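K.L.:
model this:
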Amino acid sequence: MKRNNYSFYFNAIKTIMGEHRGSPLQPKKTMGFVGSDLRVCPSQMKSWIVLAILLILPTSLFAQTKIEVLLSSDNRIYEQSLYGIQTVIETELKVTYLDILLAEQPDISQYFNEIERSGAPFIITIGPAATKMAKDNLKKTPIIFSMVNSPKFIGLDTDRTCGVSMDVPISEFFSTLHDIDPKAGQVYAYYSTAEGEYSASEGVYLDLKHKLIYKNKKIDDKKDLKPALEELKGKIDAFYMVNDPLYGKTEFDELSEFCKRNGIVLMTAFPALVKLGATFGISPDYSKIGILTGNMANRIFSKESSCESEGIALPDQYTFYLNEKYAQESGIKIPEPIVERAKLARLFDVGINLMNENKLNSARIIFDTILKRDPNNKPAFTYQQLIIEKITGARTKEYLANAEKYYKGNQFSQARAEYQKVLHLNPNNQIAKKGVQDSLLAQSEQERQQGNSLAREGKPFDAIKMYQTALQTLPTNGKATSDLAALRSAEIPNLKTYLKDGVDNYNKRNYDKSIEIFESILLVDPNHKEATEYLRLSNKKREAITILKEKLKKKDR
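P.N.:
A predicted model of the protein is given here:
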């Protein structure tokens, strides 16, 4: 399949729109049927021995669940979504391609009947064709869809369907248009189908928020597009190309040339068309859509959630594309921050491609580079963390498991050490970050409670030391601060007695005992002047006695 001509790009667009029929197939893909590798029919057994073996095998062997993933075709963007799903999914997948399935098995109902009979918790579909086919043929199996435009419009907002749309909110285009040309005021869009109208009508409700006037109009026949565009000459600042069958190769060429000739910003959701002749494009992050889909599937598979509660999710990350040459030829000046954004987006694409090729270390270098230039780049941060997790996953899981074991055993310093090992691998691991803080708090609380026990046993000085230890572990432990202050306050009235006892021992040259008493006084009142002075003198005299004893020993030798 050639990727350097118009036919490829427009076939890709038609695939996304659910209109593509009979694109060239690549025979490298294979297809199988759910359960075909695990079906066992006793009547077909050749001997009672085999049957006996089967009867004693663990039932878990047959209970292994494979989740069916049905792709509309082997389109590259669908493959990116599949990669995202595979990255996070916590159960085994079996991938089937709809176009190959239809070629090998004209009676598609057999495939879906097999899924229904298997009792699968759900099927994952990627692309509109696969999703529509599953919706029409499955009666009870839930469908988790991915990479579908306007899912609500095509009837996917039911209790049995949920998934991730690939729609980019028009507000993203309006916001970027404003960044490029703050004076832009009039925006227009044409469509030809009800689905196109569904996409085009969104801007009517959001234009004023972005200080724009947005209008759209239906074009019934492709031949009417060119005259309709001429009517807009000198009246608009930007044109929004919606996802609609109105735009084939010829129509896009006409639109591109018209916008360039009249200095109009041409906006599209298709990255390939930006390269062919549009000002800028914003598309969803296809791999991230897969990640969102995979995480949704994990929640439903573990019964933490359901399709009914999940509903339809929107992408949360988008990729920006800019054609600087086209903008220049259109007489549109692109601000430097927008140019930089486009450069980072191109670099981001390189990182995604490397990641999809499983060149994880190289991909990590790319995302690290992006984050150095733009520390707040959330998509780059997401993939950086994902790659680190894939590279260090086994060790990270081991350290986290050890940390949890130590934490549950009240061995908080050991737990913290394990969490620190995780952070050494990945400084941004949120579980480990939280684990370190939780361990510090738990250890500090443990030490504070030990201080309380010592105080109840009538050991105030040991209790004070333990409170101080708790505060060394976690200086923000307010309870330890309060308990320490309360105990010191209770001991203040006893300081005169302690001081008298300390001075008596000092005068009797019991310096070890006097030092112990004066240090205890300073535990209660760190600024006690007399105790501080007597402690200094006690240490000095004890040191002098020690030196004298050493000299006498040398003389005796």
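K.L.:
read off the pLDDT value for M1.
P.N.:
pLDDT, M1: 37.
K.L.:
sorry, slip of the keys, the one I care about is A470.
P.N.:
pLDDT recorded at A470 is 96.
K.L.:
need the CA coordinates for stretch 463-481. CSV is fine.
P.N.:
The C-alpha coordinates for stretch 463-481 follow below in CSV (Å, rounded to 0.1, in the frame of the first residue of the first chain):
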residue,chain,number,x,y,z
ALA,A,463,9.1,10.1,76.3
ILE,A,464,10.5,13.5,75.3
LYS,A,465,13.3,11.8,73.4
MET,A,466,10.8,9.6,71.6
TYR,A,467,8.6,12.6,70.6
GLN,A,468,11.7,14.3,69.2
THR,A,469,12.5,11.1,67.2
ALA,A,470,8.9,11.2,65.8
LEU,A,471,9.5,14.8,64.8
GLN,A,472,12.8,14.0,63.2
THR,A,473,11.0,11.4,61.1
LEU,A,474,8.3,13.8,60.1
PRO,A,475,8.7,17.4,61.3
THR,A,476,5.1,18.2,60.3
ASN,A,477,3.6,15.7,62.7
GLY,A,478,1.3,18.0,64.6
LYS,A,479,0.2,15.5,67.2
ALA,A,480,3.9,14.8,68.2
THR,A,481,4.5,18.5,68.5
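K.L.:
other residues contacting it?
P.N.:
For stretch 463-481, the external contacting residues (C-beta atoms under 8 Å, 6 or more residues apart in numbering) are 440-441, 443-445, 447-448, 450-452, 454-455, 483-484, 487-488, 523-524. In short, each C-beta sits where N, CA and C put it, glycine included.
K.L.:
would you map the strands across this structure?
P.N.:
Listed in chain order, the strands of the chain (DSSP state E) span residues 66-71, 92-97, 123-126, 143-148, 161-165, 186-191, 213-218, 238-241, 265-268, 280-284, 312-313, 318-322.
K.L.:
now those strands as JSON lines including mean pLDDT and mean neighbour count?
P.N.:
Below are those laid out as JSON lines (pLDDT from 0 to 100; neighbours: other C-beta atoms under 10 Å):
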{"stretch": "strand 66-71", "mean pLDDT": "93", "mean neighbour count": "23"}
{"stretch": "strand 92-97", "mean pLDDT": "92", "mean neighbour count": "17"}
{"stretch": "strand 123-126", "mean pLDDT": "96", "mean neighbour count": "29"}
{"stretch": "strand 143-148", "mean pLDDT": "94", "mean neighbour count": "28"}
{"stretch": "strand 161-165", "mean pLDDT": "93", "mean neighbour count": "26"}
{"stretch": "strand 186-191", "mean pLDDT": "96", "mean neighbour count": "22"}
{"stretch": "strand 213-218", "mean pLDDT": "95", "mean neighbour count": "17"}
{"stretch": "strand 238-241", "mean pLDDT": "97", "mean neighbour count": "24"}
{"stretch": "strand 265-268", "mean pLDDT": "96", "mean neighbour count": "26"}
{"stretch": "strand 280-284", "mean pLDDT": "93", "mean neighbour count": "24"}
{"stretch": "strand 312-313", "mean pLDDT": "92", "mean neighbour count": "16"}
{"stretch": "strand 318-322", "mean pLDDT": "91", "mean neighbour count": "20"}
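K.L.:
ok so, going back, so which of the contacts of stretch 463-481 are in helices?
P.N.:
Among the contacts of stretch 463-481, the ones falling in helices (DSSP state H) are 440-441, 443-445, 447-448, 450-452, 454-455, 483-484, 487-488, 523-524.
K.L.:
and the residues you listed, which are buried?
P.N.:
Neighbour counting by 16 or more other C-beta atoms under 10 Å classes 440, 443-445, 447-448, 450-452, 454-455, 483-484, 487-488, 523-524 among the ones in helices among the contacts of stretch 463-481 as buried.
K.L.:
can you give me the angle the top helix by length along the chain makes with strand 318-322?
P.N.:
The longest helix of the chain (DSSP H) is helix 378-408. In terms of direction (axes from the mean of the first three to the mean of the last three C-alpha atoms, to 10 degrees), helix 378-408 departs from strand 318-322 by 160 degrees.
K.L.:
list the contacts of T268.
P.N.:
Residues in contact with T268 (C-beta under 8 Å, 6+ apart) are M241, V274, A278, G281.
K.L.:
for the second one, grab the count of nearby residues.
P.N.:
Read it as V274. 23 (other C-beta atoms under 10 Å).
K.L.:
any idea how far L322 is from it?
P.N.:
7 Å (C-beta to C-beta, to the nearest Å).
K.L.:
so what sits against both of these two?
P.N.:
Common neighbours of V274 and L322 (criterion: C-beta under 8 Å, 6+ apart): F280.
K.L.:
can you give me the pLDDT of N11?
P.N.:
So N11 comes in at 52 (pLDDT).
K.L.:
ugh, wrong one, I meant S23
P.N.:
At S23, pLDDT is 37.
K.L.:
please consider this matter closed, and thank you.
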